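S.K.: Model the structure of this input:
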Amino acid sequence: MNILSSERRPLRESMVWRMLVVGILMLLLLIPLGMVRSQIEERQERRNEAVREVASSWGGEQLLGGPLLSIPFQVHGKDDKGNPTVWTDTAHFLPETLKVEGRVEPERRSRGIFDVVLYRSDLHLTGTFRPDFSHWRIAPGDILWEDGFLTLGVPDMRGIRRTVRLDWQGRTLALSPGGAESGVWSSGLRAGVPGLAAAQADGPMSFDFRLGLDGSGPLHFLPMGKQTTVALRSSWPDPKFVGAFLPESRRVTGTGFEAVWNVSYFGRSYPQHWLGSEAPWEQQRDNVVAVEEFSRGQTGQVVSRAETGLSASAFGVELFLPVDVYQKTERSVKYAVLFLLLTFLTFFLYEVFSPFSLHPMQYLLVGSALCLFYLLLLSLSEHTPFGLAYTAASVATVLLISGYSLAILRGRLRALVMAGVLGLLYGYLYVLLQAEDYALLLGSIGLFLILALVMYVTRRIDWYAPRPGKAREVEA
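M.R.: Take a look at the predicted model:
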């Protein structure tokens with residue numbers, strides 16, 4: 001009998017009707033897939049909570065600012081009643097040059113089943129100051145040189161666990177907590193700087209200090225010098241360079257990285273010197289809040305409520321943990337509909353070309369096995385490497401569906417073909433998950449080839465005619 005004939009048949013034997021039923025089943029299976037997505041998000045949030053808990057006792061994101069030289073001076077004026085009065089203001093100066101050299105050593109800690117990457121950094125800061133009051137026409141006698149002090153911004157003081165030594169013009173000064181500066185940073189270190197009056201007459205004033213700073217997440221720096229140079233090295237092989245400036249040069253190998261930033265003050269929005277009574281930012285309070293929020297963030301992104309504030313110019317590095325099982329599992333779920341479609345299409349074509357019918361319940365069971373793969377992958381990848389977890393989950397799913405197909409498809413060859421189709425699909429998905437940069441290209445090419453294959457196989461089917469298998473049954 002010609003398969004292109006238009007013989008009438010019961011509705012349940014209609015290919016269009018069965019396609020509609022299969023489509024409804026696919027829509028129903030989106031419900032468990034949504035539940036799997038929710039489970040991934042929940043586990044990811046638990047991981048982030050574990051990171052926050054470890055960071056709360058070790059040290060969070062660090063945004064190193066400064067040093068900042070502050071010198072008070074007297075201002076003469078009149079009060080509301082016209083009487084002469086004197087009050088004190090402060091002039092703030094940033095370094096002429098600032099050079100930071102350091103080593104960032106990673107430390108892995110575990111909280112339950114979750115890994116957290118922390119760091120210990122040893123930083124060496126050098127540079128020069130050249131305070132100049134001529135910008136404001138302040139009388140030399142009104143400058144309180146002996147009350148000058150130096151501050152360094154450190155948002156999370158828990159990260160300072162080693163002695164900080166400051167050499168100023170060849171003299172050793174003691175740094176202590178209490179370095180908060182209104183409108184600049186909310187916490188840090190402070191040291192009084194004696195002998196400024198004599199030192200400023202001799203030219204640039206040099207400083208040199210070492211700081212041991214621990215933290216988690218990104219380590220950021222503020223480009224507070226006219227020319228800021230930061231050189232970092234580490235044994236961590238997967239750095240993530242973040243912030244407003246990328247390294248001028250970098251070298252990343254399997255044993256670590258080295259990176260150098262050279263940033264001019266032209267690349268930032270704040271000036272080299274300002275008065276305390278004339279904040280250089282339009283929203284002084286928002287900048288303080290921005291730095292505080294920055295130190296509490298865990299996303300690696302600059303949190304800034306004032307776009308022209310300090311944190312907008314921050315740059316640095318994060319010790320990136322490349323194996324994020326939750327991100328890869330979530331990406332794999334995005335291809336779940338494609339897996340359902342191609343698997344159901346394979347079963348449907350078996351129905352079209354074979355003298356038997358599959359019940360919707362059989363489709364539903366196969367679809368459930370496909371959905372369970374993602375939950376199995378998630379649970380296994382939390383305890384084993386992702387590649388091993390993926391292999392175990394995919395092999396288990398292929399064996400389950402192939403064994404079931406051996407019974408419902410009534411043939412060993414058909415079951416082997418189904419196993420081959422699923423094996424190719426899972427292998428293809430693994431390649432997509434590994435090749436992040438080429439995922440879109442490989443995905444579009446793969447979909448095109450799959451569509452071409454389906455069109456070729458079904459090119460001679462008359463979708464209005466009876467299924468060939470049933471037609472042969474009628475002829476017999």
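S.K.: Please parse the chain into its domains.
M.R.: As assigned by automatic domain parsing, the chain contains the domains 11-46+325-475, 62-319.
S.K.: and among these, the most buried is which?
M.R.: Using mean count of other CB atoms under 10 Å, the stretch among those with the largest mean neighbour count is domain 62-319, at a mean of 18. In short, each C-beta sits where N, CA and C put it, glycine included.
S.K.: Now do that domain: distance from first to last residue.
M.R.: Terminal residues of domain 62-319 are spaced 13 Å apart (CA to CA, to the nearest Å).
S.K.: Spell out the secondary structure type for the closest residue to D79 other than its chain neighbours.
M.R.: Leaving out its chain neighbours, the residue that sits closest to D79 by CB to CB, 6 or more residues apart in numbering is T85, at 4.7 Å. Recorded secondary structure, T85: strand (DSSP: H, G, I helix; E, B strand; the rest coil).
S.K.: If you count contacts, what does the longest helix anywhere in the chain end up packed against?
M.R.: The residue-count maximum for a helix in the chain (DSSP state H) belongs to helix 15-58. Here helix 15-58 touches strand 97-111, strand 114-129, strand 205-216, helix 325-333, helix 336-353, helix 360-381, going by 3 or more CB pairs under 8 Å, 6 or more residues apart in numbering; DSSP states H and E.
S.K.: quick one, what contacts G446?
M.R.: Counting by CB atoms under 8 Å, 6 or more residues apart in numbering, G446 touches Y428, L432.
S.K.: Using PDB, write out the CA atom coordinates for the helix or strand hosting it.
M.R.: G446 is located in helix 439-457, with elements delineated by DSSP states H and E. Extracted C-alpha coordinates of helix 439-457, given in PDB (Å, rounded to 0.1, in the frame of the first residue of the first chain):
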ATOM      1  CA  ALA A 439      29.100  27.600  22.900                       C
ATOM      2  CA  LEU A 440      26.900  29.700  20.700                       C
ATOM      3  CA  LEU A 441      28.700  28.800  17.500                       C
ATOM      4  CA  LEU A 442      28.800  25.100  18.200                       C
ATOM      5  CA  GLY A 443      25.200  25.200  19.400                       C
ATOM      6  CA  SER A 444      23.800  26.800  16.300                       C
ATOM      7  CA  ILE A 445      25.800  24.500  14.000                       C
ATOM      8  CA  GLY A 446      24.600  21.500  15.900                       C
ATOM      9  CA  LEU A 447      21.000  22.600  15.800                       C
ATOM     10  CA  PHE A 448      21.300  23.200  12.100                       C
ATOM     11  CA  LEU A 449      22.700  19.700  11.400                       C
ATOM     12  CA  ILE A 450      20.000  18.100  13.600                       C
ATOM     13  CA  LEU A 451      17.200  19.900  11.800                       C
ATOM     14  CA  ALA A 452      18.700  18.900   8.500                       C
ATOM     15  CA  LEU A 453      18.800  15.300   9.500                       C
ATOM     16  CA  VAL A 454      15.200  15.300  10.700                       C
ATOM     17  CA  MET A 455      14.100  17.000   7.500                       C
ATOM     18  CA  TYR A 456      15.900  14.400   5.500                       C
ATOM     19  CA  VAL A 457      14.500  11.400   7.400                       C
END
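S.K.: what angle sits between that helix and helix 336-353?
M.R.: Between helix 439-457 and helix 336-353, the angle comes out at 10 degrees (axes from the mean of the first three to the mean of the last three CA atoms, to 10 degrees).
S.K.: can you map out the helices along the stretch 101-250 of the chain?
M.R.: In order along the chain, the stretch 101-250 of the chain carries the following helices (DSSP state H, counting those that start in this stretch): 196-200.
S.K.: Contacts only, for the closest residue to V325 other than its chain neighbours.
M.R.: In space, V325 comes closest to S381 once its chain neighbours are excluded; the distance is 3.9 Å by CB to CB, 6+ apart. Counting by CB under 8 Å, 6+ apart, S381 touches V325, K328, T329, A389, Y390.
S.K.: next one: A435
M.R.: A435 makes contacts with L442, as judged by CB under 8 Å, 6+ apart.
S.K.: Swap in 10 Å and give it another go.
M.R.: Taking CB atoms under 10 Å, 6 or more residues apart in numbering, we find A435 in contact with L441, L442, G443.
S.K.: go on, R251?
M.R.: Applying CB under 10 Å, 6+ apart, the residues contacting R251 are R233, F257, E258, A259, V260.
S.K.: Could you tell me the average pLDDT over the helix or strand hosting it, please?
M.R.: For R251, the host element (DSSP H and E) is strand 249-253. Throughout strand 249-253, pLDDT has a mean value of 90.
S.K.: following it, which helix or strand comes up?
M.R.: Downstream of strand 249-253, the next assigned helix or strand under DSSP H and E is strand 256-264.
S.K.: and the angle from that next one to strand 249-253?
M.R.: Going by the same axes, to 10 degrees, strand 256-264 makes 170 degrees with strand 249-253.
S.K.: other SSEs contacting strand 256-264?
M.R.: Secondary-structure packing of strand 256-264 (3 or more CB pairs under 10 Å, 6 or more residues apart in numbering; DSSP states H and E): strand 97-111, strand 227-234, strand 239-243, strand 249-253, strand 315-319.
S.K.: please redo it, this time with the cut-off set to 8 Å
M.R.: Against strand 256-264 (3+ CB pairs under 8 Å, 6+ apart) you get strand 227-234, strand 239-243, strand 249-253, strand 315-319.
S.K.: Quick check: neighbours of whichever helix or strand comes after it in the sheet, parallel or antiparallel?
M.R.: Counting by DSSP H and E, the next helix or strand C-terminal to strand 256-264 is strand 273-275. Sheet pairing of strand 273-275 (DSSP bridges) gives strand 84-93 (antiparallel).
S.K.: Surely G267 and P223 touch.
M.R.: Yes - assessed by CB atoms under 8 Å, G267 is found in contact with P223 at 6.7 Å.
S.K.: Can you work out which residues contact both of the two?
M.R.: What both G267 and P223 touch, as defined by CB under 8 Å, 6+ apart, is the set F245, S313.
S.K.: pLDDT weak spots in the stretch 51-200 of the chain?
M.R.: Residue ranges of the stretch 51-200 of the chain with pLDDT under 70: 112, 163, 199-200.
S.K.: if you set the cut-off to 80 instead, what comes out?
M.R.: Within the stretch 51-200 of the chain, the ranges that satisfy pLDDT under 80 run 51-57, 59, 66, 78-82, 109-115, 161-165, 170, 179-184, 195, 197-200.
S.K.: same deal with the stretch 201-350 of the chain?
M.R.: Ranges of the stretch 201-350 of the chain meeting pLDDT under 80: 201-203, 276-311, 321-325.
S.K.: mind redoing it with 90?
M.R.: For the stretch 201-350 of the chain, the stretches flagged by pLDDT under 90 are 201-219, 236-245, 252-256, 265-314, 318-350.
S.K.: out of the contacts of R251, who's nearest M19?
M.R.: F257 (54.3 Å; CB to CB).
S.K.: which residues touch the closest one?
M.R.: Applying CB under 8 Å, 6+ apart, the residues contacting F257 are R233, S234, W236, P237, P239, R250, R251.
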